[in-house]
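Chemist: What follows is a predicted protein model with its sequence.
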Amino acid sequence: VWAINYPVGSLPHQWQLANQVVGIFSKPVSVHPTPVYEMLALGLILLLVLHIEKSGKCFEGQVFLIAAGSYSFFRLINLFFRADANEDIGLFFYPILYILIVVVTIMVYRFKCNKGKAGP
């Protein structure tokens, strides 16, 4: 099974106890391995930015912009696999923040890459 089993007394186990996911004498419930997802996503983002760096850039700061937008998009998706995604601030603040970063990234990227390509 593709899951992580955190030890008794760990922060995820304490969260499960506090939110009555498990009983006090129950072992922690297996959860999605979001740290593994994050590691894989960061590896893919690294390969993406290295490819862009090698193939040529449209503008200065493009690699950072793509890395920030890609990571924010990943965090938006990964948020729904995390147990603490239903916390008060996380439910509204983080998705809005990630969407805002992705939208701004796309807008800046399109503006910068199309700058100078406009016809007569």
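Modeler: Thanks, I have the structure now.

Chemist: which residues does the residue positioned nearest the centre of the chain contact?
Modeler: Nearest to the geometric centre of the chain sits residue 75, at 1.6 Å (CA atoms, centre = their mean). Residues counted as contacts of residue 75 (CB atoms under 8 Å, 6 or more residues apart in numbering) are 94, 98. Backbone N, C-alpha and C define where each C-beta goes, glycine included.

Chemist: What's the local residue count around residue 9?
Modeler: Counted with other CB atoms under 10 Å, residues neighbouring residue 9 total 9.

Chemist: Which strands and helices lie in contact with the longest helix belonging to the chain?
Modeler: Ranked by residue count, the top helix of the chain under DSSP state H comes out as helix 88-114. In terms of contacts (3 or more CB pairs under 8 Å, 6 or more residues apart in numbering; DSSP states H and E), helix 88-114 is packed against helix 62-78.

Chemist: now the helix it packs on: mean pLDDT?
Modeler: If you average the pLDDT over helix 62-78, you get 94.

Chemist: who touches stretch 46-66?
Modeler: Contacts of stretch 46-66 from elsewhere in the structure, counted by CB under 8 Å, 6+ apart, are 67, 70, 105, 108-109, 112-113, 115.

Chemist: brain fart, stretch 3-22
Modeler: For stretch 3-22, contacts defined as CB under 8 Å, 6+ apart pick out 24, 27-33, 35-36, 83-84.

Chemist: Okay, buried residues for it please.
Modeler: Buried residues in stretch 3-22, counting neighbours by 16 or more other CB atoms under 10 Å, are found at 6, 12-13, 15-17.

Chemist: got the end-to-end distance for that stretch?
Modeler: The distance separating the two terminal residues of stretch 3-22, taken as CA to CA, to the nearest Å, comes to 17 Å.
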